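Chemist: mind looking at a prediction? Sequence and model below.
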Amino acid sequence: MKILFVISALGKGGAERVLQVLANKLCNKHEVEILKFDSDEPFYEFSQKIKIKNLNLGVGNLGFFGNIKKRFGKIFALRNELKNSDADIVISFLDNTNILTLLANFGVGKKIIITEHINYNFLQGFWRVLRRLTYPFADGLTVLTKYDYERYPYVKNRTIMPNPMFEIPEISGFKKENLILSAGRLIPHKDFKTFLKALNLVDSKLLKGWKIVIAGDGSERENLQNLANKLNLNIDFVGFVSNLHEYYAKAKIIAVTSTQEGFCNILMESIYFDIARISTDCIAGPSELINDEKDGFLCEVGDEKGVAEKLEILMCDENLREEFIKNANLRRNDFLAENICKKWVDFINLTLEKK
């Protein structure tokens with residue numbers, strides 16, 4: 001089977017990481033090609049078996065009219081590629097690219113699976129209208145959560161497809177430390193402010209015995225650093241790191257305080273590194289990754305007091321941390337790349353069989 005993935009770019013985002021894991025696994029038994037809009041080198045490493053083709057159309061902001069012209073250029077370029085492709089199935093990544101791919105496919109007739117990697121509420125305005133108009137023409141749709149599955153009744157062939165765990169590099173010499181880790185893009189909806197405010201409520205003597213690391217970069221970094229200084233918090237802002245697994249290997253607790261999520265990869269990934277988890281119960285992923293008080297803690301969105309209380313409990317109670325870790329480990333098989341790839345192949349075959 002020949003599989004053609006379509007994506008805007010292969011940068012350092014979570015969806016791009018998912019594509020890398022899937023493509024590298026699938027290319028062992030299938031022919032895999034990736035078509036992307038920009039001309040940049042991929043951030044993640046892809047197998048040499050995979051052909052990556054650039055449309056050289058870029059992803060920058062060209063202003064209102066420039067962006068419209070760029071979108072039409074992408075549609076026509078995609079249409080030409082779809083016409084000339086002998087792929088059995090085309091899999092599009094991310095909402096805007098999904099819409100462009102479906103528009104490009106009108107009259108071409110390729111089998112198209114579109115994939116959602118954010119929750120339903122993220123997309124707003126004109127793109128949300130276009131999503132409603134174009135998605136019914138998809139041959140298949142994958143979403144990350146039950147919440148999202150229920151919001152696409154107009155796509156008949158759809159399934160819940162969790163993200164796969166990345167291949168864990170060989171690591172040695174790392175021992176668990178009194179380290180609390182939080183990671184992600186430093187943008188408003190990740191709400192790291194609540195995390196910092198929660199830390200400020202933790203008993204100061206207890207907090208002194210722990211190291212706090214925030215991994216990631218984004219528009220809120222300076223504001224968050226200023227807030228940390230104002231609260232007299234000793235936070236290690238390490239920026240975006242390609243070796244996040246090394247921080248996972250050392251961390252005892254991981255905290256997520258987002259106002260909304262698509263899936264929340266770090267809550268899944270931390271299972272494989274034996275880390276106790278705390279998260280806000282935001283839409284849509286955390287409640288499907290954490291069973292509250294069984295394998296982690298869920299707190300109300302924006303509740304710094306509640307987050308602080310749960311942090312203190314886990315910081316003081318090693319036995320509870322171990323219990324959460326033991327229970328979370330029961331779900332390891334759910335996200336193994338081999339198992340997720342099998343689910344993908346089954347869904348592709350089902351899609352190909354449908355008229």
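Modeler: Sure thing, it's come through. Residues are numbered from 1 along each chain as shown.
Chemist: per-residue confidence averaged over the helix or strand encompassing residue 102?
Modeler: Residue 102 belongs to helix 95-104 when elements are defined using DSSP states H and E. The pLDDT scores in helix 95-104 average 96.
Chemist: what residues of stretch 135-149 count as buried?
Modeler: Across stretch 135-149, burial judged by 16 or more other Cβ atoms under 10 Å covers 135, 138-145, 147-149. Just so you know, the C-beta spots here come from the backbone N, C-alpha and C atoms, and that holds for glycine as well.
Chemist: how about residues contacting it?
Modeler: 98, 102, 105-106, 111-117, 119-120, 152, 154-155, 157-163, 262-263, 283-285, 288, 347-348, 350-351, 354 (Cβ atoms under 8 Å, 6 or more residues apart in numbering).
Chemist: now the buried members of these.
Modeler: Buried by 16+ other Cβ under 10 Å: 98, 102, 105, 111-117, 119-120, 152, 155, 158-159, 161-163, 262-263, 283-285, 288, 347-348, 351, out of the contacts of stretch 135-149.
Chemist: narrow those to those in strands?
Modeler: 112-115, 158-159 (DSSP state E).
Chemist: what's near enough to touch residue 214?
Modeler: Residues near residue 214 by Cβ under 8 Å, 6+ apart: 182-183, 186, 192, 195, 224, 235-238.
Chemist: list the buried residues for the helix or strand harbouring residue 214?
Modeler: For residue 214, the element it lies in under DSSP H and E is strand 211-215. Going by neighbour count (16+ other Cβ under 10 Å), the buried part of strand 211-215 is 212-215.
Chemist: CA atoms only for it - export them in PDB, please.
Modeler: Provided in PDB are the C-alpha atoms of strand 211-215 (Å, rounded to 0.1, in the frame of the first residue of the first chain):
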ATOM      1  CA  LYS A 211      13.600  21.900  41.500                       C
ATOM      2  CA  ILE A 212      11.100  23.300  39.100                       C
ATOM      3  CA  VAL A 213      11.600  23.100  35.400                       C
ATOM      4  CA  ILE A 214       9.400  24.600  32.600                       C
ATOM      5  CA  ALA A 215      10.400  23.400  29.200                       C
END
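Chemist: about what we covered before: any buried residues in the helix holding residue 102, and which?
Modeler: So, applying 16+ other Cβ under 10 Å, buried residues of helix 95-104: 95-104.
Chemist: likewise for stretch 82-97?
Modeler: 82, 85, 87-97.
Chemist: columns distance to residue 322 on top of those residues, output as a markdown table?
Modeler: Conversion of the buried residues of stretch 82-97 to a markdown table gives the following (distance: Cβ to Cβ, whole Å):
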| residue | distance to residue 322 |
| --- | --- |
| 82 | 52 |
| 85 | 51 |
| 87 | 48 |
| 88 | 47 |
| 89 | 44 |
| 90 | 46 |
| 91 | 40 |
| 92 | 42 |
| 93 | 37 |
| 94 | 38 |
| 95 | 40 |
| 96 | 43 |
| 97 | 42 |
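Chemist: just checking, residue 100 touches residue 74?
Modeler: Yes. Using Cβ atoms under 8 Å, residue 100 makes contact with residue 74 at a distance of 5.4 Å.
Chemist: I'm done for today, thanks for sticking with me.
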